[in-house]
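Enquirer: sequence below, structure please.
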Amino acid sequence: MAEYTTAQKSALKLKGVGAVSAGKKKKKKDKESKHRLEQVVNNQDDEDVKTKKAYVDKRTPAQIAFDKMQEKRQMERILNKASKTHKHRVEASPVRSYTAPFSPTYSFKLV
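Expert: Numbering: from 1, shown residues only. Got it, this is the predicted structure:
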C-alpha cells in the first residue's frame with residue numbers, strides 16, 4: 001500500500017466541463033487575408049477555364065471507334081438486363097435448370 005500513498009486523491013477532471021473551458025474564443029480574421037484568399041480562388045477559376053479550352057483529344061481514330069463500340073455494347077447490355085423481369089431471370093438461370101428435376105415443389109401430377 002505504500003506505493004499508492006503518492007497518488008493524487010482527487011476527482012476526475014473532464015475536458016469541456018467546468019469554468020476553465022466555458023467557451024472557445026473565436027479567432028479574428030483580418031480583411032486582408034480574406035481578400036487574398038478571394039484573389040487566389042478567382043485566379044484558380046480563370047486557370048481552370050483556360051485549361052478546359054486547351055484540351056485536345058489525342059486518341060487515334062481506331063481508339064475513338066473502339067471506345068464508341070464499347071459504349072454501344074454497354075448500353076445494349078444495360079437495356080437487355082432492364083427489359084427482363086425477375087421472373088424471366090429466375091426461369092433462365094442455370095441453377096434453376098439444374099435443380100428443377102430434383103425439386104418436389106415443381107413436380108405436379110396431372111390426374
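Enquirer: next one: the nearest residue in space to Asp67 that is not next to it in sequence from Lys87, what distance?
Expert: Distances taken as C-beta to C-beta, 6 or more residues apart in numbering put Arg59 closest to Asp67, at 7.5 Å, once the chain neighbours are dropped. Every residue, glycine included, has its C-beta placed from N, CA and C. To Lys87, Arg59 is 43 Å away according to C-beta to C-beta, to the nearest Å.
Enquirer: likewise Lys27?
Expert: Relative to Lys87, and taking C-beta to C-beta, Lys27 is found at 64 Å.
Enquirer: neighbour count: the two, which is higher?
Expert: Summary of the neighbour comparison: Lys27 and Lys87, criterion other C-beta atoms under 10 Å, with Lys87 having more neighbours (8 against 5).
Enquirer: work out for me the element that one sits within.
Expert: Here Lys87, judged by DSSP states H and E, is contained in helix 86-92.
Enquirer: now that helix, how far from the centre of its chain.
Expert: The chain centre lies 31 Å from the centre of helix 86-92; the measure is C-alpha atoms, centre = their mean, to the nearest Å.
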